[in-house]
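Visitor: sequence unknown, structure follows:
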């Protein structure tokens, strides 16, 4: 496998070098109106019937024999631009596209080339229609990328009102979430009611469920890459809105016209302002905010810089008794540099921090509990545009991570607590990769690569050696080793091959295949179905093996009616080793011997995903259906028997549609149906003192009832807006239109009457089904200037 | 750790915004298990062991005691104390005895052709120095139960050189108070200091009430058992809390429950 890869790679490189008398055409493709670069735009040379797409930074490079060509640059939702070029020597050409194509007065579903889904080598990759998401119904009227992701084929959720998602049978911690290349460790606000992504600032969001390029690594199941807007470099603009839960405001504009721009965007919930006025709540308040900022500087085509930052936080206060909060802070510095027309470099410096704090404000009970994790990473990606048929990518990423799993301090002199801290941990990550996009023939294109990842837990710290590592009761420490600062505790490494192939059957259909191996070296310490923001992460260590997953996928892609409809069918099979689980009733909070609670084992999942998307016309949207199964086999859990994964749902059907009635009115609808998720419920009970204790016969033996829900929305864009400087739109909708009592969870309690009094001796028990949201109307008001 | 309890409370707050309804579970057939509840302390007493059977989830009425078992406890000095049945399923030591800190005790139960055993060592612990009572101003302003707005404040010494685990029980006029079997007061000394002062108990008292606290030392295994028990009775179905699972046990031979051996410290105060 490895040798073959090298051969094909060399062939490609040599093929490029032997070519003679060539010149390179390169530059950026941008939106003419605001200077935003366009990602994955199509640049096509008509004479040669060849072309390329812009990369993630909006850059393209085409090396062609010298000559005169007609160039056609297209992007869905934009007018195609045709231009004649005389290519005698290397040429720098930036192309500006005007919004609004043939079909469009209406919304653009997604930014990309029209036949992208069929033509791209990549499969299992979905770009999220940000503009459409804003017209779809949303809980409390707050558009949310994560909630739309939960509707995509191959993705399941644990229920409504949660922000965790599960991709192709993988766990919630197996998704890498990047905002401007910086990882976000907890995407939830209000325990998942909303995600941290403010839809006003997102330019694009792409989910990779498979076929992940060698450039990316670190998680087993998926990659969500969120890119924020660059900021208008031509004129100052603003936008904002007020919904039921939160208010938003963004401002963008040039710092130096067409050279430098900025964007700042804020969102804040205001429930706390109302809650403060309600006496019955006794000072209980809940709030969150998000703040994004970015500065872009494009001195020339050779050098482009940006600095982006994100900060978001939840703050909860329960009267004078208790406070808690959590949040992410990220920062990205990026430098895109052209060494020459063919060699594109992206250098990124990233910082990410996640922390939470719990604070008991009572005097005797008073404590502050802090935990956080931080990382700094340096990434260098080189793209070598050898020929239109061959692009080579290589790079390096190094990460320094520090984990502070918990520190308890007294917050007043009378507190019973003493300052206690769990040992901090640190780790170094290195990854080297090389990959190629290789057009072998008219029909066959390949994308292949290899990633070599190294992970080292490092000091300083003490590593205990346990007599019986899985005995979490009689913990017997045989020996301990003290490691100095930056001293390597253990080194893990993996080769991660990646391979994608696309075979074009005809201009509008293709077959695709992909294989990937992914390694994951950090593990979320959570044993609930939905991770909570008080879960920390732990590095691989002598008692915690890295997780590994292999995935195969096969797909058929077809576009209909001049790329109006995109259809795909994908089948996948995924097997993972050493996925991280925990002992029954594991003590995952503040446990010095957490290592004894780990239980690792295998997971297996497979499925079929059907997806159809309509990307043009007055009606747009997608429908998806997934048939899948996910199981886990972990020693020490469920009596060593295979059990369904927490997020295993056999059937899942989703519809998300918008309909443009006329230039003023848009309608939207979501429908979602899925089989109930597995849950562990008691089969028996027993009495111990006056406790009525549940007895369980196995993990995940029950299923919650099926989940289904319809949401509707309407958006009004006033006719007068055309001439207004201050444009207003209004949206309203109904969440859960037919008031379905959708299952959230089931718990048990002593049988009670309607007033909450225990019936009889309290020996009888009952099961209670919890459902979150009944029918819920919402409205929001948005503006632009 | 008390913090876990707080996390469960938070989950409860979240869930309280939701609606709920009673549903009928269909648990199918489950095997009947023997449930054993035993306690030996270092106070002179005819210590007791209860034997009952588990029930199906939907069954009505309390668990029935298991009669005609042979029950005895032996210590690591080779002394054996026989137990006799005093009520159906309740067995009591035929003579009063005092457990000793550091001693290991083994419970042996023979029933028909089955035998269940458990072994446990009595651990040391800190002690309650004094109990004080004080009006809780916040509760006094709007008491949930008429007249009950006194806190009992616990003052306690905790030996820092040893790793200790505790179980606390609170009584009001002789009645055990744990919110109808919803709360388990179990804690370790990982993050607490040597002197605990004015720590309010979980229940409110009225003037004239007799407030009693019992503090038990636990082994690490017993600490695990009571933590599991707390998690089990407060579980939300595994959504935000840990996956539902069975409570651990120290019994061998296929029974569930726990044979607890604890040092005990009892304190009483009349609320005024």
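Guide: Thanks, I have it. Predicted model, so just to flag it, every value in this text is computed and none were measured. Numbering: from 1, shown residues only, chains lettered A, B, ... in the order given.
Visitor: Helix or strand with the lowest mean pLDDT in chain B?
Guide: Lowest mean confidence among the helices and strands of chain B (mean pLDDT, DSSP states H and E): helix B:2-16, at a mean of 51.
Visitor: And the next helix or strand past it?
Guide: On the C-terminal side of helix B:2-16, the closest following helix or strand by DSSP states H and E is strand B:19-23.
Visitor: How far off centre is that next one?
Guide: Chain-centre distance of strand B:19-23: 29 Å, with C-alpha atoms, centre = their mean, to the nearest Å.
Visitor: For that strand, list every residue counted as buried.
Guide: residue B:20 (16 or more other C-beta atoms under 10 Å in any protein chain shown). Bear in mind the C-beta positions are built from the backbone N, C-alpha and C, glycine included.
Visitor: can you tell if that strand touches chain A?
Guide: Yes: in terms of C-beta under 8 Å from any C-beta of the partner chain, part of strand B:19-23 sits within range of chain A, namely B:19-23.
Visitor: closest to residue B:88 among the residues you listed?
Guide: Residue B:88 lies nearest to residue B:22 out of the residues of strand B:19-23 next to chain A, by C-beta to C-beta, at 31.5 Å.
Visitor: which residue packs closest to the closest one, ignoring adjacent ones?
Guide: Of all residues not flanking residue B:22 in the chain, residue A:766 sits nearest, at 5.1 Å (C-beta to C-beta, 6 or more residues apart in numbering or on different chains).
Visitor: Equivalent analysis for residue A:565, please.
Guide: In space, residue A:565 is closest to residue A:614, 5.5 Å off (C-beta to C-beta, 6+ apart).
Visitor: Using just helix, strand and coil, how would you label residue B:245?
Guide: Here residue B:245 is recorded as coil under DSSP: H, G, I helix; E, B strand; the rest coil.
Visitor: all helices for the chain, in order.
Guide: As the question left the chain open, I've gone with chain A. Listed in chain order, the helices of chain A (DSSP state H) span A:2-18, A:116-119, A:130-133, A:145-149, A:271-275.
Visitor: switch to chain B, that's the one I care about
Guide: Using DSSP H, helices in chain B cover B:2-16, B:137-141, B:220-233.
Visitor: Tell me how far the spatially most central residue of chain A lies from residue A:195.
Guide: Most central in chain A under C-alpha atoms, centre = their mean is residue A:224, positioned 3.1 Å from the mean C-alpha point. For residue A:224, the distance to residue A:195 (C-beta to C-beta, to the nearest Å) stands at 10 Å.
Visitor: Ok, residue B:32 next?
Guide: 47 Å.
Visitor: so who does residue B:54 touch?
Guide: By C-beta atoms under 8 Å, 6 or more residues apart in numbering or on different chains, residue B:54 lies in contact with A:684-686, A:695, B:30, B:32-35, B:63, B:256.
Visitor: Of those residues, which one scores lowest on pLDDT?
Guide: Lowest pLDDT of the contacts of residue B:54: residue B:30, 77.
Visitor: That residue contacts residue B:56, doesn't it?
Guide: Yes: between residue B:30 and residue B:56 there is a contact at 5.6 Å, judged by C-beta atoms under 8 Å.
Visitor: And the strands in the stretch 351-500 of chain A?
Guide: Using DSSP state E, counting those that start in this stretch, the strands of the stretch 351-500 of chain A run over A:367-387, A:390-409, A:420-421, A:425-439, A:444-458, A:461-466, A:477-483, A:492-506.
Visitor: How about residue A:457: which residues does it bridge to?
Guide: residue A:427 (DSSP bridges).
Visitor: I'd like to know how many residues surround it.
Guide: 25 (other C-beta atoms under 10 Å in any protein chain shown).
Visitor: try residue A:124
Guide: By other C-beta under 10 Å, 26 other residues sit near residue A:124.
Visitor: Give me the phi and psi for it.
Guide: In terms of degrees, to the nearest 10, the main-chain angles of residue A:124 are phi 60, psi 30.
Visitor: And the residue nearest to it when sequence neighbours are not counted, how far from chain B?
Guide: Nearest non-adjacent residue to residue A:124, counting by C-beta to C-beta, 6+ apart: residue A:210, 3.4 Å away. Distance of residue A:210 to chain B, given as C-beta to the nearest C-beta, to the nearest Å: 28 Å.
Visitor: quick one on the thing from earlier: please enumerate the shared neighbours of residue B:30 and residue B:56.
Guide: Shared contacts of residue B:30 and residue B:56 (C-beta under 8 Å, 6+ apart): A:683-684.
Visitor: Tell me the confidence at the residue of the stretch 551-700 of chain A found nearest chain B?
Guide: Nearest residue of the stretch 551-700 of chain A to chain B: residue A:584, at 3.5 Å (C-beta to the nearest C-beta). Predicted confidence (pLDDT) for residue A:584: 93.
Visitor: list the contacts for the residue nearest to it when sequence neighbours are not counted?
Guide: Distance criterion C-beta to C-beta, 6+ apart; nearest residue to residue A:584, sequence neighbours excluded, is residue B:245 at 3.5 Å. Residue B:245 sits next to A:584-585, A:680, A:696, A:699, B:228, B:232 when contact means C-beta under 8 Å, 6+ apart.
Visitor: For residue A:55, state which of the contacts of residue B:54 is nearest.
Guide: Among the contacts of residue B:54, and counting by C-beta to C-beta, the member closest to residue A:55 is residue A:695, at 57.4 Å.
Visitor: and residue A:701, how many neighbours does it have?
Guide: A total of 18 residues lie near residue A:701 under the criterion other C-beta under 10 Å.
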